[in-house]
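Peer 1: kindly generate the corresponding structure for this input.
(one chain, ligands or ions: 1)
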Amino acid sequence: MQKSKLHPRRPKFQLSAIARLELRTRIGGSLAEADPSGDWAAVLMTLQTDVRCLGPKGERTVPLANFIKDAYTTELAHDELVSEVIVRIPAKNSGGAYLAFKRSAPVYPTASAAVQLTMDGDTCRDVAIVLGCVGLTPIKVKEAEPMLRGVQINDKAISAAVESAHAAADPQSDMRGSAEYKRTLVGALVKRAIEIAVRRARGEQVEVSHIYA
Ligand SMILES: Cc1cc2nc3c(=O)[nH]c(=O)nc-3n(C[C@H](O)[C@H](O)[C@H](O)COP(=O)(O)OP(=O)(O)OC[C@H]3O[C@@H](n4cnc5c(N)ncnc54)[C@H](O)[C@@H]3O)c2cc1C
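Peer 2: Numbering: from 1, shown residues only. As a prediction, this is how the structure comes out:
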């Protein structure tokens with residue numbers, strides 16, 4: 001029943017950085033589960049992603065940002081399934097990066113950050129930043145977007161985005177670290193992800209992977 005549809009023109013994400021090999025194509029189930037520590041939702045929220053929900057009353061399309069309501073809670077009714085995940089092609093001169101900080105390969109991240117940028121020369125034309133594992137749902141750092149849009153991506157602009165990420169994060173202390181530690185960590189991930197996304201938007205091949213403790 002489930003049919004995940006990533007557009008054939010590959011976004012400039014390195015998909016191998018997401019989950020382990022056997023989980024990389026399990027997108028519909030991951031979104032339906034809405035685990036706050038999952039990788040896919042954070043990444044796909046930086047792109048224009050819609051989720052098709054199929055039930056006895058027919059099919060409807062829900063933007064991913066509205067699909068995830070809370071931890072382990074989605075817009076799906078009890079009799080609906082995810083039938084399709086639609087990801088739109090990013091504009092020309094776009095690049096993205098997803099970085100997760102993990103204690104080891106098979107565990108969920110302590111914190112993660114996804115960034116998608118469109119550049120116009122040295123100027124950022126569009127940007128989306130989403131934090132993972134530092135709240136009950138993926139957190140879109142909306143305050144950072146106007147700070148980066150229309151400006152040159154320099155250290156000052158990145159620092160402002162990092163400050164916004166610190167403010168937007170809502171982590172809980174647990175076995176993976178204290179709330180304060182996760183807040184600091186996610187800021188560092190945002191900084192690094194912005195830098196990589198800019199380089200990819202300029203056409204550079206940048207190899208990155210999960211970061212391990
Ligand atoms: C050892 C291990 C390591 C993992 N590592 C990672 C990781 O690094 N990163 C990460 O993001 N995730 C990780 N996961 C979680 C994994 O990503 C998800 O379990 C997987 O993506 C879910 O996809 P699935 O299709 O297998 O769904 P399932 O695991 O089969 O289902 C998950 C939930 O969603 C429901 N469901 C499944 N498909 C649909 C559908 N089409 N419509 C509605 N509901 C549906 C199921 O009923 C169930 O409640 C890990 C899981 C395990 C067991």
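Peer 1: the residue of the chain found nearest the ligand - how many residues pack around it?
Peer 2: As assessed by C-beta to the nearest ligand atom, the ligand sits closest to Gly29 within the chain, at 2.2 Å. C-betas here are computed from N, CA, C, even on glycine. A count of neighbours around Gly29, defined by other C-beta atoms under 10 Å, yields 14.
Peer 1: give me the distance between it and Pro63.
Peer 2: Per C-beta to C-beta, to the nearest Å, Gly29 is found 19 Å from Pro63.
Peer 1: what of Lys102?
Peer 2: 29 Å.
Peer 1: next: Glu163.
Peer 2: Distance of Glu163 to Pro63, computed by C-beta to C-beta: 27 Å.
Peer 1: what does Ser159 give?
Peer 2: Computed as C-beta to C-beta, the Ser159 to Pro63 distance reads 30 Å.
Peer 1: likewise for Ser164?
Peer 2: 22 Å.
Peer 1: those two - which one has more neighbours?
Peer 2: Ser164 (21 against 12).
Peer 1: helix, strand or coil for the more buried one?
Peer 2: helix (DSSP: H, G, I helix; E, B strand; the rest coil).
Peer 1: report the buried residues of the biggest helix by length in the chain.
Peer 2: Scanning the chain for the helix with the most residues, using DSSP state H, yields helix 179-201. Applying a neighbour-count criterion of 16 or more other C-beta atoms under 10 Å, one finds 182-194, 196-201 buried in helix 179-201.
Peer 1: next: stretch 52-68.
Peer 2: Those would be 52-54, 62, 64-65, 67-68, for stretch 52-68 by 16+ other C-beta under 10 Å.
Peer 1: show residues contacting that stretch.
Peer 2: 1, 31, 34, 41, 44-45, 48-51, 74-77, 79-86, 137-138, 140 (C-beta atoms under 8 Å, 6 or more residues apart in numbering).
Peer 1: of those residues, list those near the ligand.
Peer 2: The subset of those within reach of the ligand, by C-beta under 6 Å from any ligand atom, is 76, 81-82.
Peer 1: packing partners of the longest helix of the chain?
Peer 2: strand 94-102, strand 111-120, strand 123-132, helix 155-168 (3 or more C-beta pairs under 8 Å, 6 or more residues apart in numbering; DSSP states H and E).
Peer 1: let's have the buried residues of stretch 52-68 in JSON lines, adding secondary structure.
Peer 2: Formatted as JSON lines, those follow (three-state DSSP):
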{"residue": "Arg52", "secondary structure": "strand"}
{"residue": "Cys53", "secondary structure": "strand"}
{"residue": "Leu54", "secondary structure": "strand"}
{"residue": "Val62", "secondary structure": "strand"}
{"residue": "Leu64", "secondary structure": "helix"}
{"residue": "Ala65", "secondary structure": "helix"}
{"residue": "Phe67", "secondary structure": "helix"}
{"residue": "Ile68", "secondary structure": "strand"}
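Peer 1: no more questions from me, cheers.
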